[in-house]
Each structure stands twice: as C-alpha cells, then as structure tokens.
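Enquirer: Here's a sequence, model it:
(2 chains, ligands or ions: 2)
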Amino acid sequence: MVDPIVIIGAGQAGAALASRLRALGYAGPLVMVGEESALPYQRPPLSKKYMSRELEFARLLIRPPGWYEDQRIDIRLDVTATALSPTERTITFGDGSVLRYAKLALTTGARPRRLPTEAGGDLSGVFTIRTVADADAIAPLLEPGKRLLVIGGGYIGLEGAAVAAAKGLAVTIIEVADRILQRVAAPVTADYFRALHRKHGVVIRESAALDHLAGEAGRLTGARLKDGTHLPADLAIVGIGIIPNDDLAHAAGLAVNNGILIDGSCRTSAPDVYAAGDCARFQWRGISTRLEAVQNAIDQAEHAAAAMMGAEDDYDPAPWFWSDQYDVKLQIAGLNRGYADCVMRPGKREQSASVWYYREDRLIAVDAMNDALAYGIGKKMLEAGRSISRSAIADPSTDLRLFLSGT
Amino acid sequence: MPKVTWILHDGRQISAEVAAGHNLMEAAVANSVPDVIGECGGCLSCATCHVYVDAAWYEKTGRPGDMENEMLEITSAERTPMSRLSCQIKASEELDGLILHVPDI
Ligand SMILES: Cc1cc2nc3c(=O)[nH]c(=O)nc-3n(C[C@H](O)[C@H](O)[C@H](O)COP(=O)(O)OP(=O)(O)OC[C@H]3O[C@@H](n4cnc5c(N)ncnc54)[C@H](O)[C@@H]3O)c2cc1C
Ligand code: FES
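Expert: Numbering: from 1, shown residues only, chains lettered A, B, ... in the order given. Ligands and ions are numbered 1, 2, ... in the order given. I've put the predicted structure just below:
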C-alpha cells in the first residue's frame, strides 16, 4: 500500500491544502488530523458574528461535512500528533498509534499567548479567543451591565470589545503600549478606532501596564495596574498575541524560530515535510515573515500543495486582512511593516477614510475604513506592483478609479 | 425553502434548497459549487464569491450596495451589469428558482 500524504492540523490552511491537492490531481491516500473535535472552520467570526450569536456554528464550516468523504479525505478529529520522525517518515499520535507518510504538511496554526499563572492567567473568568470552544465559553457571559476587561488593543481585543459593548457591557481596554494597534497600524488608524470605541462608551487606557489580574476563590474580580489602579471586572479577554505551534517540528529537529522555517516552496528543513499558515515562517522580500491571516493560510497552503505536486516557484503573497467593529469594516491590503510615512484620505461616506502607507516612494499598504474603493484599488495596485503618488492620494479630487486601467 | 441553481461555466448545473436568510456564497460553499470561494466568509473583502445573476432575476435580487459596488471593481473575472457578490444576496421566498451563473476563474 502506498503511504498517504498526511496533513497535521485541520484548520484554514489544512483544509485549503487538502482541497488543492485534489484539485491538482493528487489521487492517492490523504489523511488530515486535527486536535479539535470540529471539522475545519473559519476563525474570524469567533470574535465577531459568532461571538455575538448572529451566526451558528454550522455556518462557519469551511467545507460541508460530506465533502471530506466525497474528496476521499480521511479526516481524523480529536487526534493530536505528538511526535514526528523525519528519518522514519512517521507521525505518532496521542493514542500511541503510528502512521507512515509519503509527504507531510504541518498546518498546526498558533495558540494565544496567555498571562502567566502568577499574573492571574488561570483565574476563572479569564479567556482567550482562538477556538470555537473559547467563543462558546465567552458568549453566554456577555450580559448587559457586566464589566469586561480586554487586555491588549489588537484586532481581536478590539473586536471582542465591540461585540461586548454592543451587548451593553461596560468595557475597558488596557494596552501597555502608548496606543492601541501599535504593532499593526499607523497612529492615524489607531486614532480612528479609538474614537470609534469611545463613541460606543468603551474606556481605552493606553500606556497602561497590567501588574496582575486579581481574584477571589479562583474567580476573577479585577485587574491591578502597575501604577496601582484597580479596575473591577467580571470577565477578561486576553488578546496579547499568538505563539506559533512549532513544538512538534522543533522536537523533531526541524529548523524553527518563532515559527517553522520554510523556503519559497513551503519546504521545511526535513525532506518531504512542508508547512503553511500561522505556524510557518518564510523569507519574503528579504525579511523573515510570519503572517496571521486567512489570506496567507489559504494561499500558502495552496502553494505548499502545488510544491508537493512538483511546482518550483516561490510563494509571493499579496496580503490582505479585514476586521469588523460596530458598523465599521476595516480592510487592509498589503503589509505596512517598515513604512516611512502615511497619507490619510477622507472617503465619500460618513466614517469612511483610508490610510496609505509608503516606504521610500512606493505604496506598500492601505488601511480602508468603510471605503472598499480605496481598499480595492490599493489591493489591485499592490498586486500589480504599482504605486500611486502621495500627492495624488492626498488630493481629494483624484478619481481613484482611473488607476484601475492597466492593472 | 427557496431553490437556487448555479450554472457553471462548463454548463454543468447544481441546484439546492437554501435556508431563507442564508447568503448565497455560504449556500454555494455548503453545496460544493466550484469557483464560488468566499475566502473572507462573506465580509465583503475578497470578491471571490462573484457571480452573474441571470438577467431574468437581476431586478429581484436588488442592486448592489455601495461597498459591494466598489468591491465589484476588483473581481478576477470580468464585471458585467449582472455581476454581484453572492455573499451579499440573501435567500428568500421571492428568490425561489433563482439562477446564478458562475464565472470562469
Ligand atoms: C478570533 C480570531 C479572529 C480572526 N480574525 C481574522 C480576520 O478578520 N481576518 C483574517 O484574515 N484573519 C483573522 N484571524 C486569523 C485567521 O483565523 C488565522 O490566520 C487562520 O485561522 C490560520 O489558519 P491555520 O490553518 O494556519 O491555523 P488554524 O486555523 O489555527 O488551524 C490549526 C489547527 O491545527 C490544530 N493542531 C495544532 N497542533 C496540532 C497537533 N499537534 N495535532 C493535531 N492538530 C493540531 C489546531 O488545533 C487547529 O485546529 C482571526 C483569528 C482569530 C483567532
Ligand atoms: S465572500 Fe468575500 S466578498 Fe463575498
């Protein structure tokens, strides 16, 4: 019997990889293993419409349940891969069983960074949001009048805050940096979202260092800041970043460095072992890169599938991302790291605006708030390797649509 | 439940009953309709759920909203007057029998 291609991690990337292998004509055995008990699902709604209970779980599934059988994908849920031997070409599972692979893909994603036990990270009432189980634990607690503390002003924290504020909770966000979205967006974008949250009654405390979460009998009662302030709370959402699941690879001797290291063809340092998605780190435009987005999970996984089937080209992503908060849709095209400056362009609608990031004289990214035209045009320009000058963007009379010709 | 038919670019047809209120991108994904992808899950950020509404049905589906209209600028298949992002069309009894043409991507 031929050995299967095995995919470890049944999430966004794993599902895309399996699907692409079949689409490219791989007809051999295909096994996908996932630690969670659910079929692959979309995580973005967990901090948005799933947490607010506007969508039920079945609507998050990436593929319908019958699809796996139709595609002859042997999907094994509730199973954890515990060891990998690149020399034996085997994977060991939690129940001790061992499977030989012809090729292996690691799409193990990431896990939320937690607060240490000493800082109150294990108190009941303290949550992170990564899995449907996390969202299911939080959703019933979102009752009007309760006090929610959000630790970390990144996208997931801000989205959780928006859902809770809309449900009538008293929400406080604490951010240790001098502003929210510090790692991911320019000050003008942060200003926009700070104003939006304040309008909805959310308290945002920036430059606020948490000392610890306080509790009584194991239950959260509030937070103590380094400056001595005590903030009472009934529940807390910790959104302070994620840690790539590279432990299995690391223990097997694969090269890792805050992510499983892969080349342009998604190959790890072990033969016939590939990686993609949140767990993978690669060189992009000369910089070590790990992306945390649906775009990358899908595109990189599809690239890995093609590489498994013999393709040789390098993965060259066109990143995009979105976030929904209240009635504002943020859409991001490109990656703004290393930007020198940015230009704010007001949009045509209420609350619409876009922020254009430049490095030297090149456009590298756009944040668009309720401005899909700015997003779409920025995305097209970046994909085509083109730029729009700062002065054209700064001039409100510029018709952006004119730039679409030739993309 | 309203019935929706997708006609693929090779002429193949897929029909399904869709729960009212569900959008037609998720309905396409749930029925494994090829080439309606829905990468952003209906968040109006990917344009991978682009379809051409059958001319006879276009008016009934309503017109694209402002943001959708802008996103239609960046579809990978050509935009036509019948173009819609199917994540923005919700199934309803009035759309029973709806026909959507799936672009060749
Ligand atoms: C709340 C939230 C909101 C988000 N919002 C957005 C958004 O708006 N836009 C956007 O683009 N992105 C968003 N993201 C990010 C996006 O969801 C991720 O980038 C994407 O899910 C990554 O896919 P992945 O397959 O790499 O990892 P995952 O989807 O995390 O899948 C990895 C899977 O592997 C399993 N696994 C790990 N180790 C093992 C093992 N040893 N054995 C077996 N199984 C294992 C895990 O349990 C998990 O199910 C959001 C994420 C979260 C959590
Ligand atoms: S699913 Fe992304 S725009 Fe419709």
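Enquirer: May I ask you to confirm that A:Ala137 is in contact with A:Phe127?
Expert: Yes: with contact defined as C-beta atoms under 8 Å, A:Ala137 reaches A:Phe127; the gap is 6.2 Å. For every residue, glycine as well, the C-beta is placed using N, CA and C.
Enquirer: Show me which of these two is the more surrounded one.
Expert: Neighbours per residue (other C-beta atoms under 10 Å in any protein chain shown) separate A:Ala137 from A:Phe127, with A:Phe127 holding more: 20 against 14.
Enquirer: and the more buried one, what are its bridge partners?
Expert: A:Ile237 (DSSP bridges).
Enquirer: list the contacts for it?
Expert: A:Asp134, A:Ala137, A:Ile138, A:Leu235, A:Ala236, A:Ile237, A:Val238 (C-beta atoms under 8 Å, 6 or more residues apart in numbering or on different chains).
Enquirer: I'd like the distance between the second one and chain B.
Expert: As defined by C-beta to the nearest C-beta, to the nearest Å, A:Ala137 lies at a distance of 22 Å from chain B.
Enquirer: give me phi/psi at that residue?
Expert: phi -70, psi -30 (degrees, to the nearest 10).
Enquirer: One more: the first one?
Expert: In terms of degrees, to the nearest 10, the main-chain angles of A:Asp134 are phi -60, psi -50.
Enquirer: give me the number of residues near residue 96?
Expert: Just so you know, I chose chain A. Neighbours of A:Gly96 (other C-beta under 10 Å): 7.
Enquirer: wrong one, chain B
Expert: 14.
Enquirer: Spell out, range by range, the helices that occur in chain B.
Expert: B:24-30, B:58-61, B:66-71 (DSSP state H).
Enquirer: Leaving aside the residues adjacent along the chain, what's closest to A:Met344?
Expert: With C-beta to C-beta, 6 or more residues apart in numbering or on different chains as the criterion, A:Met344 has its nearest non-adjacent residue at 5.0 Å, and that residue is A:Val188.
Enquirer: Would you confirm that A:Pro346 contacts A:Ala368?
Expert: No: using C-beta under 8 Å, A:Pro346 is not in contact with A:Ala368; the gap is 11.8 Å.
Enquirer: what is in contact with those two at once?
Expert: A:Ala353.
Enquirer: Give the residue from the two that has the larger number of neighbours.
Expert: Higher neighbour count among A:Pro346 and A:Ala368: A:Ala368, with 30 against 10, using other C-beta under 10 Å.
Enquirer: what's across from the more buried one in the sheet?
Expert: Residues in beta-bridge contact with A:Ala368 (DSSP bridges): A:Gln331, A:Ser354.
Enquirer: what does chain B put close to ligand 2?
Expert: Taking C-beta under 6 Å from any ligand atom, the part of chain B that reaches ligand 2 is made up of B:25, B:38-40, B:42-49, B:85, B:87.
Enquirer: ok, A:Met78 - how many residues close by?
Expert: No Met there; residue A:78 is Asp. The number of residues near A:Asp78, taken as other C-beta under 10 Å, comes to 11.
Enquirer: tell me the contacts of the spatially closest residue to A:Arg72 that is not a sequence neighbour?
Expert: Distances taken as C-beta to C-beta, 6+ apart put A:Leu30 closest to A:Arg72, at 6.7 Å, once the chain neighbours are dropped. A:Leu30 sits next to A:Pro4, A:Ile5, A:Ile7, A:Ala18, A:Leu21, A:Arg22, A:Gln71, A:Arg72, A:Ile73, A:Asp74 when contact means C-beta under 8 Å, 6+ apart.
Enquirer: Using ChimeraX, define a selection of the buried residues within these.
Expert: Remark: buried members of the contacts of A:Leu30, expressed as a ChimeraX selection using 16 or more other C-beta atoms under 10 Å in any protein chain shown:
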select /A:4,5,7,18,21,71,73
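Enquirer: Now, the contacts of A:Leu30 that are in helices?
Expert: Judged by DSSP H, helices contain the following of these: A:Ala18, A:Leu21, A:Arg22.
Enquirer: of all these, which comes closest to A:Ser47?
Expert: Distance to A:Ser47 across the ones in helices among the contacts of A:Leu30 (C-beta to C-beta) is lowest for A:Ala18, with 25.7 Å.
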